[in-house]
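> Here is my input, please return the structure:
(one chain, ligands or ions: 1)
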Amino acid sequence: MKQNEMIRLGMIAVLLTQTLIAMAASDMGPPAATLRAAAEARGMHIGSSVDEDALRTDTDYAGVLAREFDSLTPENSMKFAESHPAPFRYTFADGDAVVDFAEKHNMQVHGHVLVWHEQLPKWLTQGHWTHAQLRKILREYIFRIVGHYQGRVNVWDVVSEAVDDNGAMRQTFWSRGLGPDYIALAFQWAHEANPDALLLYNDYGGDGGGAKADAIFKLVQRLHEQGVPINGVGLQMHTSVDDPPDTKAVSANMARLHQLGLQVYITEMDVMIKLPVTRAKLEAQAGIYRNMMSVCLAAENCHNFTSWGFTDRYSWIPQFFPGNGAALIFDEQMQAKPSYRALMDVLSASGASSP
Ligand code: XIL
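Numbers count the residues shown, from 1 in each chain. You can find the predicted model right below:
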């Protein structure tokens, strides 16, 4: 056989193989979409918190974030200690970078967090303030931050974690300094600063039933009845494979909040695994992500599902819960885990929606 004839036959063989592969792929349905495309088709937003350092330094990270998500929550940069580190100093650079990135990639930004008892600067917590002075500080802070992002950040966690684990009101720097009215005041000021913003109360451990969920419900019910401008509740949804959320209870909780006319956001979901990671634990984790996405899709008032990070390369879990990790939907190598597939299946309505 002549040499050019052999080359020609070789080329035909390559073309034939390519055609067969393409045919097989088309038998498997449309090409895999991204989470954000799948979510959009269901009227949902899918979000992640953003590690501001990783956004700056890790191009893989930024690439996956832009490809898969359409809602971003800055992980730390809009917290009091970061954004107002000294009495006359505000630092917006890291928060601005998250908002710039979001706008560039056609994503919305979820502001986090105006009033929280953690990550407060020392100048604030170690100062001796009268009631009037502290009131002025918080009012100015809220106007400054919400005003800075006016038109660019239109959802805010106004108050986080004001209820303690037993369901009592948590005693904090803010409650001690301003009295119980600080919650209503914060919502009022945030609303005045940006009347278009959707304002949330955000907490953990009250996703389904129990004393804390009931206390959160009573709190927001009272606020709502008093005419405080609150639009919804953020369920943080920090969960664990060993203690999965009760799907029915979460669904019932969302429904009673809907009765009040409130939105529900899943604001910080992760599912920690007690190390070492096994195949079975990854599958159990996928079931929990799947169930919570299903519950949110089924609820009339849940349109945003956000996880606290998206890759195990950057997650708060190993540091805050030693011995645990692997809580997110991409692994440290930025490969999709079974949990990613589970979310995709539920969003595309092609997968099983039971555990
Ligand atoms: C965490 C961040 O992920 C960490 O980087 C930081 O050191 C501490 O805060 N609930 C919240 C978030 O509302 O703000 C917390 O974020 C996680 C728990």
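
> Over to the residue most central in space within the chain. Which of the three states is it?
The geometric centre of the chain, computed from its C-alpha atoms, lies nearest to Thr306 (CA atoms, centre = their mean), at 3.0 Å. Recorded secondary structure, Thr306: strand (DSSP: H, G, I helix; E, B strand; the rest coil).

> residues contacting it?
By CB atoms under 8 Å, 6 or more residues apart in numbering, the contact list for Thr306 reads 45-49, 71, 73, 110, 265-269. Just so you know, the C-beta spots here come from the backbone N, C-alpha and C atoms, and that holds for glycine as well.

> at 7 Å instead, please
The neighbourhood of Thr306, defined by CB atoms under 7 Å, 6 or more residues apart in numbering, consists of 47-48, 71, 73, 110, 265-269.

> can you check Glu332 too?
311-313.

> from these, which is closest to Val64?
Thr311 (7.1 Å; CB to CB).

> For the closest one, which non-adjacent residue is closest in space?
Distances taken as CB to CB, 6 or more residues apart in numbering put Phe330 closest to Thr311, at 4.1 Å, once the chain neighbours are dropped.

> ok, which residues in this protein are in contact with the ligand?
Contact residues of the chain with respect to the ligand, defined by CB under 6 Å from any ligand atom, are listed as 75-76, 160, 236, 268, 316.

> bridging residues for the residue of the stretch 151-300 of the chain found nearest the ligand?
For the stretch 151-300 of the chain, the residue positioned closest to the ligand under CB to the nearest ligand atom is Ser160, at a distance of 5.2 Å. With DSSP bridges as the criterion, the beta-bridge partners of Ser160 are Asn202.

> secondary structure element for the nearest residue to Ala299 once chain neighbours are set aside?
Excluding its sequence neighbours, the residue lying closest to Ala299 (CB to CB, 6+ apart) is Met254, at 4.1 Å. Met254 is located in helix 247-259, with elements delineated by DSSP states H and E.

> in its sheet, what does the helix or strand just after that helix sit against?
Scanning forward in sequence from helix 247-259 by DSSP H and E, the next helix or strand is strand 263-274. Next to strand 263-274 in the sheet, as set by DSSP bridges, lie strand 232-235 (parallel), strand 238-240 (parallel), strand 302-307 (parallel), strand 324-325 (antiparallel).

> ranking those by burial, who's on top?
Scoring those by mean neighbour count under mean count of other CB atoms under 10 Å gives strand 232-235 as the most buried, with a mean of 27.

> tally of neighbours for Arg135?
Here the count is done by other CB atoms under 10 Å, and Arg135 has 18 residues near it.

> oh sorry, the question was meant for Leu347
Using other CB under 10 Å as the criterion, the residues surrounding Leu347 number 24.

> For the residue nearest to Thr311, give its distance to Asp312.
Using CB to CB, to the nearest Å, Phe330 is found at 7 Å from Asp312.

> same thing with Val159?
30 Å.

> what's the nearest residue to the residue in the chain positioned nearest to the ligand if we skip its chain neighbours?
Using CB to the nearest ligand atom, the point where the chain gets nearest to the ligand is Trp316, with a distance of 3.5 Å. Closest residue in space to Trp316, ignoring its immediate chain neighbours: Trp308 at 6.7 Å, by CB to CB, 6+ apart.

> Do I have it right that the one you found meets Val271?
No - between Trp308 and Val271 no contact is recorded; they are 10.3 Å apart, counting by CB atoms under 7 Å.

> of these two, who's got more company?
In this comparison of Trp308 against Val271, neighbours counted by other CB under 10 Å, the higher total goes to Val271 at 29 against 21.

> That one is in contact with Val241, isn't it?
Yes - applying CB under 7 Å, one finds Val271 in contact with Val241, separated by 6.0 Å.

> shared neighbours of these two, anything?
Common neighbours of Val271 and Val241, counting by CB under 7 Å, 6+ apart, are 285, 288.

> Make CSV out of the strands paired with strand 263-274 and add mean pLDDT.
CSV is the format used below for those (pLDDT from 0 to 100):
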stretch, mean pLDDT
strand 232-235, 98
strand 238-240, 98
strand 302-307, 98
strand 324-325, 98
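
> would you turn those strands into a markdown table with distance to Arg139?
Rendered in a markdown table, the data for the strands paired with strand 263-274 read as follows (distance: least, CB to CB, whole Å):
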| stretch | distance to Arg139 |
| --- | --- |
| strand 232-235 | 22 |
| strand 238-240 | 30 |
| strand 302-307 | 28 |
| strand 324-325 | 39 |
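
> Ok, which of those comes nearest Gly205?
Among those, strand 238-240 comes nearest to Gly205, with 7.9 Å by CB to CB.

> chain center to that closest one, what's the gap?
In terms of CA atoms, centre = their mean, to the nearest Å, the gap separating the centre of strand 238-240 from the centre of its chain is 13 Å.
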